[in-house]
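Engineer: Sequence below, structure please.
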Amino acid sequence: MEELLDSDAQLWRFVLERAVHELNNRVGGILSVSDAHLARRIESRELRQSLELIRDGAKAASDFVGTMADLLAAEETDPEPTRLSDLQTYLRTKLAFFLPRHLEISAIPCAQELVIRVNDKLLLFNLLALLQKELEGQPSASFSLELALKVEASTGWLNYRSANRTGPALTEFCRTLFSRMRPSLVGLEIEETASEFKVGIGFPTAKVTKGR
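Structural biologist: Modelled structure (predicted):
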């Protein structure tokens, strides 16, 4: 039975990889053609607006397909030096693709900047798994999400916070989820109440050579 389940997982991964590859090619073609037309002089205002809508739609589709590619490559990606602020932007942008339209992620910056070492794709995958658990069932109308940054000594922290949630308990799930991060996290701080869930994810500082 386990062999069949593994075979099914491999098949679905193959299908997803092929789908992402084909979609990327097709969307890239639409983007190239629309950009080429928009680079020319166009007398018709309506035609230009139509081409701009096509171009913008193709760009959004390309970004989404790129996110799917990141998720598929998550476990095979090596950790890299990343600025905390860049990590926050990356995660906020990518996670937004999977949120219901009425939900947004607020981002709280940090006055200090720090370069950390992280597999951002695997972190995205793990946060998406956490978000999926949070959104099981129908989230309340006041459900909110927040990604905040904090620097303490030589540790960079990403704080994930959800409020007015109605999903299942997440503490043990979260500990298991983030135990597979490589390199290992410097810290993992979890606080959970009936209506609020907070997880602080501490990353090791990256050694950056001159010129970077």
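
Engineer: CA atoms for contacts and neighbours, from now on please.
Structural biologist: Fine.

Engineer: Only the buried residues of the host helix or strand of residue 16, if you could.
Structural biologist: In this assignment (DSSP states H and E), residue 16 forms part of helix 2-38. By 16 or more other Cα atoms under 10 Å, the buried positions in helix 2-38 come out as 17, 20, 23, 24, 27, 28, 30, 31, 34, 35, 38.

Engineer: Would you mind giving those residues as JSON lines with distance to residue 123 and pLDDT added?
Structural biologist: Converted to JSON lines, the buried residues of helix 2-38 look like this (distance: Cα to Cα, whole Å; pLDDT from 0 to 100):
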{"residue": "17", "distance to residue 123": "20", "pLDDT": "87"}
{"residue": "20", "distance to residue 123": "20", "pLDDT": "89"}
{"residue": "23", "distance to residue 123": "24", "pLDDT": "88"}
{"residue": "24", "distance to residue 123": "23", "pLDDT": "88"}
{"residue": "27", "distance to residue 123": "26", "pLDDT": "90"}
{"residue": "28", "distance to residue 123": "27", "pLDDT": "91"}
{"residue": "30", "distance to residue 123": "31", "pLDDT": "91"}
{"residue": "31", "distance to residue 123": "29", "pLDDT": "91"}
{"residue": "34", "distance to residue 123": "34", "pLDDT": "92"}
{"residue": "35", "distance to residue 123": "33", "pLDDT": "90"}
{"residue": "38", "distance to residue 123": "37", "pLDDT": "90"}
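
Engineer: Residue 204: which of those residues is nearest?
Structural biologist: Residue 204 lies nearest to residue 17 out of the buried residues of helix 2-38, by Cα to Cα, at 31.4 Å.

Engineer: Do a quick rundown of the strands in the protein.
Structural biologist: Using DSSP state E, the strands of the chain run over 80-83, 105-108, 115-118, 144-152, 155-163, 187-192, 196-203.

Engineer: could you redo those strands as CSV and give each row mean pLDDT, distance to residue 64 and mean neighbour count?
Structural biologist: Converted to CSV, those look like this (pLDDT from 0 to 100; distance: least, Cα to Cα, whole Å; neighbours: other Cα atoms under 10 Å):
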stretch, mean pLDDT, distance to residue 64, mean neighbour count
strand 80-83, 94, 21, 17
strand 105-108, 94, 17, 16
strand 115-118, 94, 22, 24
strand 144-152, 94, 20, 17
strand 155-163, 94, 22, 21
strand 187-192, 95, 29, 15
strand 196-203, 95, 25, 20
